[in-house]
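> Got a predicted structure here, sequence first:
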Amino acid sequence: MRYVAAIDQGTTSSRCIVFDRRGRVVGVAQREHEQIFPRPGWVEHDPETIWRNTELVLGEVLEQNGLGPGDIAAVGITNQRETTVVWERATGKPIHHAIVWQDMRTDRLVTELGGDAGPTRYQDRTGLPLSTYFAGPKLRWILDNVPGAQERAEAGELCFGTIDSWVLWNLTGLHVTDVTNASRTMLMDLRTLQWDSQICAEFGVPESMLPEIRSSSEVYGEISSGPLQGVPVAGILGDQQAATFGQACLVPGEAKNTYGTGNFMLLNTGTTPVWSKHGLLTTVCYRLGDQPAVYALEGSIAVTGSLVQWFRDNLGIIDSAEEIERLANTVEDNGGAYIVPAFSGLFAPRWRPDARGVIAGLTRFVNKAHLARAVLESTAFQTFEVVEAMRADAESQKLDLELTTLKVDGGMTANDLLMQFQSDILEVPVVRPVVTETTALGAAYAAGLAVGYWSGTDDIRANWTADTTWQPSMSAEDREEHIAAWNKAVERTYNWVD
């Protein structure tokens, strides 16, 4: 029996997961990499470490499961999306650390790029507000701050890519990205699915350094060396789009929410982009070969799982992430305390780069268990805001996109307390599938479809199976009280940074 492998290059680790035809996990190998914080608000990764770890996990997963390249029909890539790498075309050497999607060093730059038009200057073409989140401003920062970079870029000596392009370059020597990752740069026109020459010129980015934009599911090339030499790389999806595909959200109105370092909800809107008026992103969901692209509305939340890490590592209140649920369950509620983790400002739907985190509602009654509960609840409240924005966009544009069930995935979905609270706050059932590795699975599906391992998207839908469903049980009065208190807490994060 042959399998499909997925490289899942995430914010904190690189993994390779092998799947069978039913979408079940056959084997996993994983290696974490260092989070580099040169200054407050700056976040970097070493791209060479990321590549070394990727190569290692490819070999490890094969060895652990007694597999060789002949057992793998195709490889898919999924990745942390906006994280930006610039490297030398001749040597493949990066000229700077990768600037991570969470990084905020471009806050003044995005204001300058907005000019008199402000944050919405490019939104009608890119679907994105000007923000530190996206790759284009990060690329501009590297060109401005690495000596000689602008001149070398103009001379054709440098390559830019998000992490998918960096990994693919090292696997195959090709300089390619897919439409989902390109849609996160602020440099691609959502309608034409090509680089926008005017935006590139206004950003001062030479188009020669940009990768070729291809679909999410096609054979890009074969791996040139290493443990999977000769195997085709045939799928690329940004991590959140991959999770949406892996969750079989294949028709308009279907949505998923991934609970990872941050939270990312995507709502399939079909083959026409929907332009949000309520703080959401318009993005490419996926494109299979030469079929029309499918679009999504996205709500991106910067800090959810990483708030649990902060609670563990910075405060030392727990020793492992798993402990937080046990601690939170020792109290009945949050004791009136609310934590708004605006560590990198607020992302969707508020987009307030001036915000910083607060703990509100503290009294002498509040203890560490109440704070543990507040940490978990903050994730559910932020997700509620995104769902409300999606509902508002659907209503204002008369779209039949009502959310009746939320499919969830990611590490935090193992937390029953959080999932129940999420269902209560949203007033809809929350469903976790049997296979929760939906990000890697989506990339595997894209690659497998391209080489005929799966015959079509009906196979993907048939593979999806529900595991656990949480039903809402909170009273309307309690729910409204919680939401009102949360909104008061969020408003206290505003205007912290001048």
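On my side now, so go ahead.
> pLDDT (mean, whole number) over stretch 215-230?
Averaging the model's pLDDT scores along stretch 215-230 yields 95.
> End to end on that stretch, go ahead and measure it.
When the termini of stretch 215-230 are compared using Cα to Cα, to the nearest Å, they are 21 Å apart.
> Now that stretch: buried residues?
Buried residues in stretch 215-230, counted by 16 or more other Cβ atoms under 10 Å: 215-218, 220, 222-223, 227-228. C-betas here are computed from N, CA, C, even on glycine.
> Skipping adjacent residues, who's closest to Gln309 in space?
Ala321 (7.0 Å; Cβ to Cβ, 6 or more residues apart in numbering).
> mind checking pLDDT for the one you found?
The predicted structure scores Ala321 at 89 on the pLDDT scale.
> from the buried residues of stretch 215-230, which is closest to Gly114?
Nearest to Gly114 among the buried residues of stretch 215-230: Ser216, at 30.0 Å, using Cβ to Cβ.
> Which two of the buried residues of stretch 215-230 have the greatest separation?
Of all pairs drawn from these, the widest gap by Cβ to Cβ lies between Ser215 and Pro227 and measures 26.4 Å.
> and the spatially most distant residue from the centre of the chain, helix, strand or coil?
Centroid-distance maximum for the chain: Arg364 at 38.0 Å, with Cα atoms, centre = their mean. Reducing the assignment at Arg364 to three states with DSSP: H, G, I helix; E, B strand; the rest coil gives coil.
> switch to numbering from 6
That works, and once the first residue is 6, the last one we named lands at Arg369.
> Run through who's touching stretch 250-261.
Stretch 250-261 has contacts (Cβ atoms under 8 Å, 6 or more residues apart in numbering) with 28, 221, 242, 248-249, 270-275, 290-291, 395, 405-408, 411-414, 438, 440, 442-451, 462, 465-466, 468-469.
> out of those residues, which are buried?
If you count burial by 16+ other Cβ under 10 Å, the buried members of these come out as 28, 221, 242, 248-249, 270-275, 290-291, 395, 406, 408, 411-414, 438, 440, 442-451, 462, 465, 468-469.
> Among those, which lie within strands?
Using DSSP state E, the subset of the buried ones among the contacts of stretch 250-261 located in strands is 242, 270-275, 290-291, 411-414, 438.
> how about those in a markdown table, adding pLDDT and distance to Glu259?
Supplementary listing: those in a markdown table, determined by pLDDT from 0 to 100; distance: Cβ to Cβ, whole Å:
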| residue | pLDDT | distance to Glu259 |
| --- | --- | --- |
| Leu242 | 98 | 16 |
| Met270 | 93 | 12 |
| Leu271 | 92 | 9 |
| Leu272 | 89 | 8 |
| Asn273 | 90 | 5 |
| Thr274 | 88 | 10 |
| Gly275 | 90 | 10 |
| Cys290 | 97 | 10 |
| Tyr291 | 97 | 13 |
| Leu411 | 90 | 10 |
| Lys412 | 91 | 8 |
| Val413 | 94 | 13 |
| Asp414 | 90 | 13 |
| Pro438 | 92 | 13 |
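> Pick the one among those closest to Ser480.
Once Cβ to Cβ is applied, the member of these that ends up nearest Ser480 is Leu411, at 20.2 Å.
> Once you drop chain neighbours, what's closest to the residue sitting nearest the centre point of the chain?
When Cα atoms, centre = their mean is applied to the chain, the residue found nearest the centroid is Gln245 (4.4 Å). Ranked by Cβ to Cβ, 6+ apart and with sequence neighbours excluded, the top spatial neighbour of Gln245 is Phe269, at 4.1 Å.
> I'd say that neighbour and Ala307 touch.
No: checked against Cβ atoms under 8 Å, the pair Phe269 and Ala307 is beyond contact range at 10.1 Å.
> So which of those two has more stuff around it?
Taking neighbours as other Cβ atoms under 10 Å, Phe269 and Ala307 compare with Phe269 leading, 29 against 23.
> mind checking pLDDT for the residue lying closest to Ser136 once chain neighbours are set aside?
When the adjacent residues along the chain are set aside, Ser136 lies closest to Val115, with 6.1 Å between them (Cβ to Cβ, 6+ apart). With respect to pLDDT, Val115 scores 92.
> In contact with Val115, which residues?
Counting by Cβ under 8 Å, 6+ apart, Val115 touches 124, 135-137, 142.
> Any chance of those residues in TSV with secondary structure and neighbour count as columns?
Below are those laid out as TSV (DSSP: H, G, I helix; E, B strand; the rest coil; neighbours: other Cβ atoms under 10 Å):
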residue	secondary structure	neighbour count
Pro124	helix	16
Leu135	coil	26
Ser136	coil	22
Thr137	coil	25
Pro142	helix	25
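> of these, closest to Gly75?
Closest approach to Gly75 among those (Cβ to Cβ): Pro142, at 44.0 Å.
> so that closest one touches Arg113, yeah?
No: with contacts counted by Cβ under 8 Å, Pro142 stays clear of Arg113, the gap being 10.0 Å.
> Distance of Leu271 relative to Pro52?
Using Cβ to Cβ, to the nearest Å, one obtains 26 Å as the distance from Leu271 to Pro52.
> same question, Asp338
Separation of Asp338 from Pro52 (Cβ to Cβ): 44 Å.
> out of the two, which sits in the busier spot?
Remark: of Asp338 and Pro52, Pro52 carries more neighbours, 25 against 13, as counted by other Cβ under 10 Å.
> pretty sure the more buried one is touching Ala103, no?
Yes: under the criterion of Cβ under 8 Å, Pro52 makes contact with Ala103 at 4.7 Å.
> Mind listing the shared neighbours of the two?
Common contacts of Pro52 and Ala103, defined by Cβ under 8 Å, 6+ apart, comprise 90, 168, 171.
> Over to the second one: give its phi and psi.
What it means is Ile168. Recorded main-chain torsions at Ile168 are phi -60, psi -30, according to degrees, to the nearest 10.
> pretty sure it contacts Trp92?
No: look at Ile168 against Trp92 with Cβ under 8 Å: they stay out of range, at 11.8 Å.
> Residues in contact with both of these two, list them for me.
Residues touching both Ile168 and Trp92 by Cβ under 8 Å, 6+ apart: Pro52.
> Can you show me the strands along the stretch 206-355 of the chain?
Secondary structure of the stretch 206-355 of the chain by DSSP state E, counting those that start in this stretch: the strands cover 217-219, 222-227, 237-243, 260-264, 268-275, 286-291, 299-306, 343-345.
> So which residues make contact with the fifth one?
Residues from elsewhere that reach strand 268-275 (Cβ under 8 Å, 6+ apart): 244-246, 248-249, 254-263, 288, 290, 299-306, 309, 384, 387-388, 391-392, 395, 404, 406, 408.
> of those residues, buried ones?
Neighbour counting with 16+ other Cβ under 10 Å marks 244-246, 248-249, 254-255, 257-263, 288, 290, 299-306, 309, 384, 387-388, 391-392, 395, 404, 406, 408 as buried within the contacts of strand 268-275.
> Strand 286-291 and the longest helix along the chain, what's the angle between them?
Under DSSP state H, the helix in the chain containing the largest number of residues is helix 373-401. Between the direction of helix 373-401 and that of strand 286-291, the angle (axes from the mean of the first three to the mean of the last three Cα atoms, to 10 degrees) works out to 80 degrees.
> Now do helix 373-401: distance to the chain's middle.
Here helix 373-401 is found 17 Å from its chain centre; the criterion is Cα atoms, centre = their mean, to the nearest Å.
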